[in-house]
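Trainee: Based on what follows, work out the 3D shape:
(chains A, B, C and D, ligands or ions: 4)
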Amino acid sequence: MTTVEERLLPSAEPVQLIDEHGARHDNPQYGMPAADALVDGYAQLVVGRRINDQAGALVRQGRLAVYPSSHGQEACQVAATMVLREQDWLFPTYRDTVSIISRGVDPIETLTLLRGDWHSGYDPHERNVAPQSTPLATQLVHAVGVAHAARLKGEDTVVMALCGDGATSEGDFHEALNFAAVFKAPVVFFIQNNEYAISVPLARQTVAPSLAHKGIGYGVPGERADGNDLAGLLAVLGQAVDKARAGEGPQLVEAHTYRVQAHTNADDASRYRDDEEVTPWLERDPIKRLDAYLTEQGLLEEAHRAEATAAADKIAADLRDGLMQDVSPDPAELFQHLYAVQTPQLKEQAAFLQDEIAREEA
Amino acid sequence: MTTVEERLLPSAEPVQLIDEHGARHDNPQYGMPAADALVDGYAQLVVGRRINDQAGALVRQGRLAVYPSSHGQEACQVAATMVLREQDWLFPTYRDTVSIISRGVDPIETLTLLRGDWHSGYDPHERNVAPQSTPLATQLVHAVGVAHAARLKGEDTVVMALCGDGATSEGDFHEALNFAAVFKAPVVFFIQNNEYAISVPLARQTVAPSLAHKGIGYGVPGERADGNDLAGLLAVLGQAVDKARAGEGPQLVEAHTYRVQAHTNADDASRYRDDEEVTPWLERDPIKRLDAYLTEQGLLEEAHRAEATAAADKIAADLRDGLMQDVSPDPAELFQHLYAVQTPQLKEQAAFLQDEIAREEA
Amino acid sequence: MTHQKLTMAQALNHALRDAMRADDTVLMFGEDVGALGGVFRITDGLTAEFGEDRCFDTPLAESGIVGMAVGLAMNGMRPVVEMQFDAFGYPAFEQVVSHVAKMRNRTRGKVTLPMVIRMPYAGGIGGVEHHCDSSESYYAHTPGLTVVAPATVADAYTLLRKAIEFPDPVIFMEPKKLYWAKEEVDLTTEQPGIGKAVVRREGRDATLIAYGPSVPIALEAADAAAAEGRQLQVVDLRSIVPFDDEKVCAAVRSTGRAVVVAEASGFASVSSEIVARVTERCFHSLAAPIRRVTGFDIPYPPPKLERHQLPGVDRILDAVDDLQWEDS
Amino acid sequence: MTHQKLTMAQALNHALRDAMRADDTVLMFGEDVGALGGVFRITDGLTAEFGEDRCFDTPLAESGIVGMAVGLAMNGMRPVVEMQFDAFGYPAFEQVVSHVAKMRNRTRGKVTLPMVIRMPYAGGIGGVEHHCDSSESYYAHTPGLTVVAPATVADAYTLLRKAIEFPDPVIFMEPKKLYWAKEEVDLTTEQPGIGKAVVRREGRDATLIAYGPSVPIALEAADAAAAEGRQLQVVDLRSIVPFDDEKVCAAVRSTGRAVVVAEASGFASVSSEIVARVTERCFHSLAAPIRRVTGFDIPYPPPKLERHQLPGVDRILDAVDDLQWEDS
Ligand SMILES: Cc1ncc(C[n+]2csc(CCOP(=O)(O)OP(=O)(O)O)c2C)c(N)n1
Ligand SMILES: Cc1ncc(C[n+]2csc(CCOP(=O)(O)OP(=O)(O)O)c2C)c(N)n1
Ligand SMILES: [Mg+2]
Ligand SMILES: [Mg+2]
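Mentor: Ligands and ions are numbered 1, 2, ... in the order given. You can find the predicted model right below:
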């Protein structure tokens, strides 16, 4: 007989199926994902890393206004979407560009926000990916609503809702978990604990034993995983998604990872942390260890590597080309999207601007 | 060696030192409070009950606009203040009139809010009692600030912050617990779980194992107690206050009690619950069981009872007399208390009203 | 269409019921709206008729309520939520301003949020602190919201039906002191829609511009003025956003004088906007500056003092007297 | 008093530092204000000088930050908090409206809250969504708050010092695009205080009324107008609440024409209030209705379109041209 505490509290240590040296660790509760999933995941990690690096370069070239990178967190990014089915939803934050692209959203459309063309560039209904949320934790309650609507419609949709460690401190995190639990909404709350909220380290954010320990206060099972181990993440998130889909209600997963780079290009991490803190995390890189494991297992061949690199090259080129084109959004759009029917006030204001621009151009 | 879970999770059952039949239950962790504390507490319960009943009568007579009664919750009300020292602070809600009065605040001043004279009638600094909070859970973050200020000043003050079961769902509850934990603020968060938030039963509020289980998600020790057992409450709250005072950081205590009456006189509880649900709770009355226990122990004599009744009679009479006097707040006050220095705008508006009233009266 | 004598509370209840019958994606939820039927009984009987899935209580958290509505609306539902009192809408302010108001614009119309946030608002009921706020100005100032306030029983029905059918989010301000106002009405949606003001009373001497709880007071003032020989026109805005510039300006031009009546504190408010925009548009038709009769710039008073905060007939008539009848 | 060439960011940093030196109950806290020194570096070096107890990072929760400040102020401290960007102040709206603004009134002056909420606000920095809101109207409409916005480096110092010394809560709006504006200044509090507007430029033809980020634009417009032979007077409000009716009305009466310049969306805003109250008070001195040059009633645009939202010199001059110079 398991007590309610045993059912709801996380494992004593973050679940890890492949360690940083590429060695396999068996776990009684979580089986090793299928080989082809890992090989596919490997390719996605390589592509994800390239997206991060290319986007960084594009910021330096002035093609993107800002880019919050998930460099080092790619295993979380990729796992979050790999475990989803087509009808499922993803609720990403500003840092989850890789996740969105790995979900199949057009990369250039994804970067519309960070390029400064518009607030969001893709159609959320096309791949069931909500707009990236900037106000922290606020998207988590939306995720509950989307999941609850699916349940009301009799669908077996699951919603994957992402947030960072810092965001767990916001009131909306609390309200979302509680609402999801009370309504048994099929949401997997997935916290990427990268140890920092801009400059603020986790210890200033919470003194809880872990972020996964927050689940029990809502009656939500919490689990934690090594955030740089794709295999462990696929197993833990996969099981969470299965449970949510099976009607067991929301699940909370904390991935322990690390923000290897600064918060964004605009941030200067040297003001609040030492490089020595970063170094060991470079050793724990998610790609390196998966490569080691798969190679050791004889599952990863040069052909796979070449294929992954080619895919990465292609997306990097696509990003470069796509962002080199200067898109100028039409100022008339400023007034077009607020309401289904434009108000008389907005009509007046749109006409005013149009006239002003016409006179400027004359 | 205790695990962090053992340290932070509540007891398997609510702590109860005296059961509903007045029988004593020993608890390895919590000793029975001293006899004179229980006898004194008994008298306070009797007075508290009378305050509730008298206030109810005054509502029916139109002397109070509204009264949210703590009838049946008097053990919580009284215990919350009995464990405090003079320098400590109490943060009450609209339902905690009895607690405020038992802290020594003038009863008539306490009822200013519910009488409709002004938003709050007592000087919070006089007895360190914050204004009663109507917006749920919002006062809990203030409590953290008051506690933190005390720490900064080097005082060993403790803050007792009250809220209901419903209020635990608000974002501010979450933020308050987390801030208190991170800053190790000496706050005892005391939830009176009376099973209802107006019409909404606890099961709609949360599916957590208990409200005390919310503590671990913040690294805050949670404990639960029988909310109708003054002895258990004094023991549990007393220990929580001691720990907070000793620098162990915030503590969370859930008292399990029941809202015997409707939410307020304006509420009709028959719309959402059956009388049968209420009946067993009448048996669990906090006064009855303490009376039984103390009588059985030979600690409560007729003289004590008579004294308690006399004190209750006196306060009932004071309430009646005090509220029979018609106090008419001065309309000029509307403009006097917003700023230390009245703005030109308010000066103008105050003059306008004064002139209007003068013309009306002319 | 039924001809009945109803209170505004009942009319709102009918509107919800009829909307829920007409469209089974309409959901109603919030605090105490289920078994209790809402603290003002606006949702009375809806759970009984439509079941727990259609009308339900939530945990006590306003940001969660509004945020969940956003998600439901994103996924095919038409949620209607109740903030128990308008001051308890503030914890949801972030959701309202950053998401409810902006989602459509953010996604270039790809994600629409057909949802209604109902708020019992304003005073006059002797409520203690936090129970009588008038927060319409916060919402009216927020681009992307539609803000509506009925003043009559008939409009309560019409406007709530139209708000629920509206393709975009509507902040629906219910003047709580009028909940018990009774009228003989036809429950119909064949009335001017959102965005349309109506002239409730004709008059050639001056125009009173009001909305929500101030409309009946304005009409009373007009009655009193008529007894003194002055014909006051009364315009009921009904919709604050969009604003009916055309109707309001035509009315003011026809009289050359105007008083705006609103219960909210005046500073940086909807009433400021009305004065500003009407003056901008009708300056040369004005014989006098437009006057405002609003709440003072103070927190809503305790019950024993609230009458001083509420625009009353005398205060309106004083303002009308102030419209420089001699020198113009 | 030191004469230095400083950016506004540096002047604010000096103000905090000097206030913390002068009074050890002054605390500074919020998100990333410690080791990082704030995302705009306004708190740079404060933790180093005053220690973790005086300037510190909090968990990421704005309601918690403001609420904790309320408690600290109740118990003898003078907290200064930073909302990282003004749109991230919305989660704290309930605390601001229901407690910060009301505590003193609620307790008849027994509990006072000497605290400052600093908000980097407004646009012009190419920020993505939620980073360029202008939310001053929400606060200005809320009775009990004092709302201040500096427009010059000197005023940033003076007004922040005065805000911290103020006995009541102050919403301190920092025009973030001016953070890097440099001026030769004396750091002094010997300047007009909270509640006082100043005339930044004399002119007899029309008055531009501005505050915060719009003041430099108004001055630029006045320069341009002067080149065309029109003398525009520029009034810098400095303090939105309390409002300096006397100074502003005197200015407008002296010219008979006025344009209000503000970056926030115009509807039901501070700019509406200015038009309304000045018109009410100066109607017969006005040769034309007061014009507004404000942001459109839309969410703040994405970086590539933001210049259309910002009041610019041409738009201001067009409005001035519109002041019916011929027919009056
Ligand atoms: C409500 C709100 N407050 C503040 C911010 C400013 N801000 C942007 S990112 C960030 C840190 C977030 O940290 P975390 O949740 O750990 O996510 P990470 O950036 O590490 O992925 C802050 C404070 C915001 N976006 N929203
Ligand atoms: C922020 C907020 N939302 C809603 C309300 C309206 N309201 C007043 S009391 C109450 C129920 C509170 O229940 P609980 O916290 O369990 O306390 P109890 O009344 O049972 O003591 C509600 C919903 C409020 N006061 N504040
Ligand atoms: Mg983080
Ligand atoms: Mg309760």
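
Trainee: The biggest strand by length in chain C near chain B at all?
Mentor: Ranked by residue count, the top strand of chain C under DSSP state E comes out as strand C:258-265. No: on the criterion Cβ under 8 Å from any Cβ of the partner chain, strand C:258-265 is out of touch with chain B, staying 9.8 Å away. C-betas here are computed from N, CA, C, even on glycine.

Trainee: Tell me which helix or strand comes right after that strand.
Mentor: helix C:270-282 (DSSP states H and E).

Trainee: Can you confirm whether that next one lies near chain A?
Mentor: No: using Cβ under 8 Å from any Cβ, no contact is recorded between helix C:270-282 and chain A, whose separation bottoms out at 8.9 Å.

Trainee: chain center to stretch A:56-75, what's the gap?
Mentor: Taking Cα atoms, centre = their mean, to the nearest Å, one finds stretch A:56-75 lying 14 Å from the centre of the chain it belongs to.

Trainee: list the buried ones in that stretch?
Mentor: Of the residues in stretch A:56-75, those scored as buried under the neighbour-count criterion (16 or more other Cβ atoms under 10 Å in any protein chain shown) are A:56, A:58-59, A:63-75.

Trainee: one step back: mind giving me the packing neighbours of the longest strand of chain C?
Mentor: When contacts are defined as 3 or more Cβ pairs under 8 Å, 6 or more residues apart in numbering or on different chains; DSSP states H and E, strand C:258-265 sits against strand C:206-210, helix C:214-227, helix C:270-282, strand C:291-295, helix C:313-321.

Trainee: what angle separates the second one from strand C:258-265?
Mentor: What it means is helix C:214-227. Using axes from the mean of the first three to the mean of the last three Cα atoms, to 10 degrees, one finds that helix C:214-227 and strand C:258-265 are set 140 degrees apart in direction.

Trainee: swap in the first one?
Mentor: Using the same axes, to 10 degrees, the inter-axis angle of strand C:206-210 relative to strand C:258-265 is 20 degrees.

Trainee: from memory residue C:62 sits against residue C:86, does it?
Mentor: No: judged on Cβ atoms under 8 Å, residue C:62 makes no contact with residue C:86 at a distance of 10.8 Å.

Trainee: And those two? Which one has more around it.
Mentor: Per other Cβ atoms under 10 Å in any protein chain shown, whichever of residue C:62 and residue C:86 has more neighbours is residue C:62, with 30 against 26.

Trainee: show me what contacts the more buried one?
Mentor: Counting by Cβ atoms under 8 Å, 6 or more residues apart in numbering or on different chains, residue C:62 touches C:83, C:88, C:89, C:90, C:91, C:92.

Trainee: Check the offset of stretch C:267-282 from the chain's centre.
Mentor: Average the C-alpha atoms of stretch C:267-282, do the same for its chain, and the two points are 17 Å apart (Cα atoms, centre = their mean).

Trainee: quick one, strands of chain A?
Mentor: The residue ranges that make up the strands of chain A, judged by DSSP E, are A:89-91, A:159-164, A:187-193, A:196-197, A:200-201, A:222-226, A:251-256.

Trainee: Quick check: neighbours of the last one in the sheet, parallel or antiparallel?
Mentor: This points to strand A:251-256. Listed by DSSP bridges, the sheet partners of strand A:251-256 and their directions read strand A:187-193 (parallel), strand A:222-226 (parallel).

Trainee: Output the last one as CSV, nothing but the C-alphas.
Mentor: Okay, so that is strand A:222-226. Extracted as CSV, the C-alpha positions of strand A:222-226 are listed here (Å, rounded to 0.1, in the frame of the first residue of the first chain):
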residue,chain,number,x,y,z
GLY,A,222,5.5,15.7,-8.5
GLU,A,223,8.5,14.1,-10.2
ARG,A,224,12.0,15.4,-10.9
ALA,A,225,14.4,14.5,-13.7
ASP,A,226,17.9,15.3,-14.7
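
Trainee: For the stretch 1-150 of chain C, which segments count as helices?
Mentor: Taking DSSP state H, counting those that start in this stretch as the test, the helices found in the stretch 1-150 of chain C are C:8-22, C:46-50, C:62-74, C:93-95, C:103-106, C:136-140.

Trainee: how many neighbours does residue A:271 have?
Mentor: Each residue near residue A:271 was counted by other Cβ under 10 Å, and the total is 15.

Trainee: show me what contacts it?
Mentor: Applying Cβ under 8 Å, 6+ apart, one finds that residue A:271 lies in contact with A:199, D:35, D:36, D:37.

Trainee: I'd say residue A:136 and residue A:168 touch.
Mentor: No: when contacts are counted by Cβ under 8 Å, residue A:136 is not listed as touching residue A:168 (9.2 Å).

Trainee: quick one: which of those two has more around it?
Mentor: A side-by-side neighbour count of residue A:136 and residue A:168, using other Cβ under 10 Å, places residue A:168 first with 31 against 25.

Trainee: any idea of the pLDDT on that one?
Mentor: In this prediction, residue A:168 carries a pLDDT score of 98.

Trainee: mind listing what it touches?
Mentor: By Cβ under 8 Å, 6+ apart, the neighbours of residue A:168 are A:137, A:191, A:205, A:206, A:211, A:214.

Trainee: one step back: let's have the contacts of residue C:62 in TSV, adding distance to ligand 2.
Mentor: Below are the contacts of residue C:62 laid out as TSV (distance: Cβ to the nearest ligand atom, whole Å):
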residue	distance to ligand 2
C:83	8
C:88	4
C:89	9
C:90	8
C:91	5
C:92	9
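
Trainee: Can you name the residues that contact whichever residue of the stretch 1-150 of chain C sits closest to ligand 4?
Mentor: Of all residues in the stretch 1-150 of chain C, residue C:60 sits closest to ligand 4, at 9.1 Å by Cβ to the ion. Taking Cβ under 8 Å, 6+ apart, we find residue C:60 in contact with B:136, B:166, B:167, B:169, B:170, B:197, B:200, B:205, C:31.

Trainee: shouldn't the first one be in contact with residue B:167?
Mentor: Same thing as residue B:136. Yes: counting by Cβ under 8 Å, residue B:136 does reach residue B:167; the two are 4.1 Å apart.

Trainee: got any residues that touch both of those two?
Mentor: Between them, residue B:136 and residue B:167 share the neighbouring residues B:93, C:60, with contact defined by Cβ under 8 Å, 6+ apart.

Trainee: Could you measure from residue C:298 over to residue C:128?
Mentor: Taking Cβ to Cβ, to the nearest Å as the measure, residue C:298 and residue C:128 are separated by 16 Å.

Trainee: now swap in residue A:94 and tell me
Mentor: Counting by Cβ to Cβ - residue A:94 and residue C:128 are separated by 42 Å.

Trainee: And for residue A:342, the neighbour number?
Mentor: Residue A:342 is surrounded by 16 other residues when neighbours are defined as other Cβ under 10 Å.

Trainee: residues touching the closest residue to it other than its chain neighbours, list them.
Mentor: When the adjacent residues along the chain are set aside, residue A:342 lies closest to residue A:335, with 6.5 Å between them (Cβ to Cβ, 6 or more residues apart in numbering or on different chains). The contact partners of residue A:335, by Cβ under 8 Å, 6+ apart, come to A:342, A:346, A:347, A:349, A:350, A:353, D:296, D:298.

Trainee: What separation do you get for residue A:335 and residue D:301?
Mentor: Counting by Cβ to Cβ - residue A:335 and residue D:301 are separated by 10 Å.

Trainee: again with residue C:224
Mentor: Summarising the geometry, the distance separating residue C:224 from residue D:301, computed by Cβ to Cβ, is 49 Å.

Trainee: try residue C:63
Mentor: When distances are taken as Cβ to Cβ, residue C:63 and residue D:301 turn out to be 26 Å apart.

Trainee: Which of the two has more residues huddled nearby?
Mentor: Set side by side, residue C:63 and residue D:301 give different neighbour counts by other Cβ under 10 Å, the larger being at residue C:63 (30 against 25).

Trainee: on that earlier part again, tell me which of the buried residues of stretch A:56-75 has the lowest pLDDT.
Mentor: Ranking the buried residues of stretch A:56-75 by pLDDT, residue A:65 lands last with 90.

Trainee: So it sits against residue D:126, correct?
Mentor: Yes: applying Cβ under 8 Å, one finds residue A:65 in contact with residue D:126, separated by 6.0 Å.

Trainee: That concludes my questions; thank you for your assistance.
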